[in-house]
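Undergrad: Let me see the structure of the following:
(one chain, ligands or ions: 2)
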Amino acid sequence: TCAFAGQKKVLAAYEEAVKCGYSGARAGRLHTPHGVFDTPMFMPVGTQATVKAVSPRELKEMGAQIILSNTYHLYLRPGTELVAEAGGLHRFMDWDGGILTDSGGFQVFSLGPLRKITEEGAAFRSHIDGSTQFLSPEIAIKAQMNLGADIIMAFDECIPYPAEYQYAKLSTERTTRWAERSQKAHTRSGQALFAIVQGGMYQDLRRVSANDLVSLDFPGYGIGGLSVGEPKPVMYEMLEQTVPLLPENKPRYLMGVGTPDCLVEAVRYGIDMFDCVFPTRVARNGTAMTKSGRLVVKNAAYAKDFLPIDENCGCYACQNFSRAYIRHLLKADEIFGLRLTTIHNLYFLLDFTKKMRQAILEDRFLSFREEFLAQYCK
Ligand SMILES: Cc1cccc2c(=O)nc(N)[nH]c12
Ligand SMILES: [Zn+2]
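TA: Ligands and ions are numbered 1, 2, ... in the order given. Below is the predicted model:
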């Protein structure tokens, strides 16, 4: 294993613990005002100031460290000034761990039915009441300062897939200018602002975007514009081009990813942080995640299956309930059924990142990856 290399810097400082093997995988520790957290890490998504169907106490019990919330949603409802008056997002949702807020860029492009992007920012219609709204780097940063997350994101455009080279180039250059404006607008100490690398699926644009943002010196870097429908090999190729350009002593956050096979590949390239709605979303339609792939516990096959979802899982659902019981609840539209599948899926991913961290620390990550991929069917 390689020697310890790390420097303590203020906020979202990244202390690289161990870098192993011939991959870029690393185990680190992220310093924030709400604690020091281990990486690689999965961050449960709590879009509207709640991780759907689970309580902060359950999140703590299952080992969640940092959770996500979305500026776009909270800006529209209940309003970020209201959250500030309530004492900030941690107080409002009673979560004393870390919080990361996304800047709204992605949600505007994926949710706003009508949108117009200019140098100034993005005009869109609220998906709630159809009112005309506008987000700019300055507005998005002010909103995130109101919410008070430990880590906030620069305002960016998530380039759709596929996109013409020319559009991707102009959009990426604008995202870099927006990052600079985000930096200038960010005046709240005790809060780390991460930039977001774009570049579409073009290697040269990815490299330019990473180099330009690194020269602006952010405490951490998101990698955006991936897991937007591109084939997985293309996503991995973009990671291979981008991650090595990002400073080793700063956290790298792959946005919107993902399934366990994507996580283990991204960790190999040197990614530290992940978020994805997948585990909570598929849980709500009765799909459980296991190391062998997905198990649709709602299927008739499990009507009389009195085993837990996964006998080796330490989560509340697997320790106390059978597939038959959870299937019954889901068929009966009982809320507790959704809660149990959600608890299991979140626990599975949080535990999976813990296992990857342990494998890195024990310098056996590459064999861990091999074994996992051999068993996991996509
Ligand atoms: C949440 C998310 C997923 C995937 C991509 C992105 C992106 O490119 N930019 C932002 N701000 N967020 C994203
Ligand atoms: Zn479980």
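
Undergrad: mean confidence for stretch 329-341?
TA: Taken as a whole, stretch 329-341 has an average pLDDT of 97.

Undergrad: what's in contact with that stretch?
TA: With contacts defined as Cβ atoms under 8 Å, 6 or more residues apart in numbering, stretch 329-341 is touched by 53-54, 283-284, 286-288, 297-298, 309, 316-317, 321, 326, 328. C-beta: built from backbone N, CA, C; applies to glycine.

Undergrad: Keep only these that also lie close to ligand 2.
TA: Applying Cβ under 5 Å from the ion to the contacts of stretch 329-341, one finds that Ala317 fall near ligand 2.

Undergrad: out of the contacts of stretch 329-341, which are inside helices?
TA: Among the contacts of stretch 329-341, the members found in helices (DSSP state H) are Ala283, Tyr316, Ala317, Ile326, His328.

Undergrad: between these, which is nearest ligand 2?
TA: When the ones in helices among the contacts of stretch 329-341 are ranked by distance to ligand 2 (Cβ to the ion), Ala317 comes first, at 4.9 Å.

Undergrad: my guess is that closest one meets Ile343, correct?
TA: Yes. With contacts defined as Cβ atoms under 8 Å, Ala317 counts as touching Ile343 at a distance of 5.1 Å.

Undergrad: In terms of neighbours, single out the busier of those two.
TA: With neighbours defined as other Cβ atoms under 10 Å, Ala317 and Ile343 compare such that Ala317 has more, 27 against 21.

Undergrad: Give me the local confidence score for Leu170.
TA: So, for Leu170, pLDDT stands at 98.

Undergrad: so where does it fall, helix or strand?
TA: In the assignment (DSSP states H and E), Leu170 maps to helix 165-185.

Undergrad: Repeat that for Arg369.
TA: Using DSSP H and E, Arg369 sits within helix 365-375.

Undergrad: doesn't Gly24 make contact with Pro244?
TA: Yes. Using Cβ under 8 Å, Pro244 is in contact with Gly24, at 7.2 Å.

Undergrad: Now the common contact residues for the two.
TA: Residues touching both Pro244 and Gly24 (Cβ under 8 Å, 6+ apart) are Gly270.

Undergrad: Compare the two and say which is more crowded by neighbours.
TA: A count of neighbours by other Cβ under 10 Å puts Gly24 above the other of Pro244 and Gly24, at 19 against 13.

Undergrad: Number of residues surrounding the residue lying closest to Tyr14 once chain neighbours are set aside?
TA: Nearest residue to Tyr14, sequence neighbours excluded (Cβ to Cβ, 6 or more residues apart in numbering): Pro251, at 4.6 Å. By other Cβ under 10 Å, the residues close to Pro251 number 27.

Undergrad: ok, now Asn320?
TA: Using other Cβ under 10 Å, Asn320 has 10 other residues around it.

Undergrad: next one: the one 5 residues further on
TA: Tyr325: 19 surrounding residues under other Cβ under 10 Å.

Undergrad: angle of the helix or strand hosting Met356 against helix 365-375?
TA: Element membership for Met356 (DSSP H and E) is helix 335-361. Interaxial angle, helix 335-361 versus helix 365-375 (axes from the mean of the first three to the mean of the last three Cα atoms, to 10 degrees): 140 degrees.

Undergrad: Establish whether helix 335-361 and ligand 2 are in contact.
TA: Yes. If you take Cβ under 5 Å from the ion as the test, helix 335-361 does meet ligand 2, through His344.

Undergrad: And the residue of the stretch 101-250 of the chain closest to ligand 2?
TA: For the stretch 101-250 of the chain, Cβ to the ion, closest residue to ligand 2: Ser227, 24.4 Å.

Undergrad: wait, that residue sits on Gly258?
TA: Yes. With contacts counted by Cβ under 8 Å, Ser227 reaches Gly258, the gap being 5.5 Å.

Undergrad: Between these two, which contacts overlap?
TA: Cys276.

Undergrad: Up against ligand 1, what does the stretch 201-350 of the chain have?
TA: Within the stretch 201-350 of the chain, the residues that sit near ligand 1 (Cβ under 6 Å from any ligand atom) are Gly224, Gly225, Ser227, Met255, Gly256.
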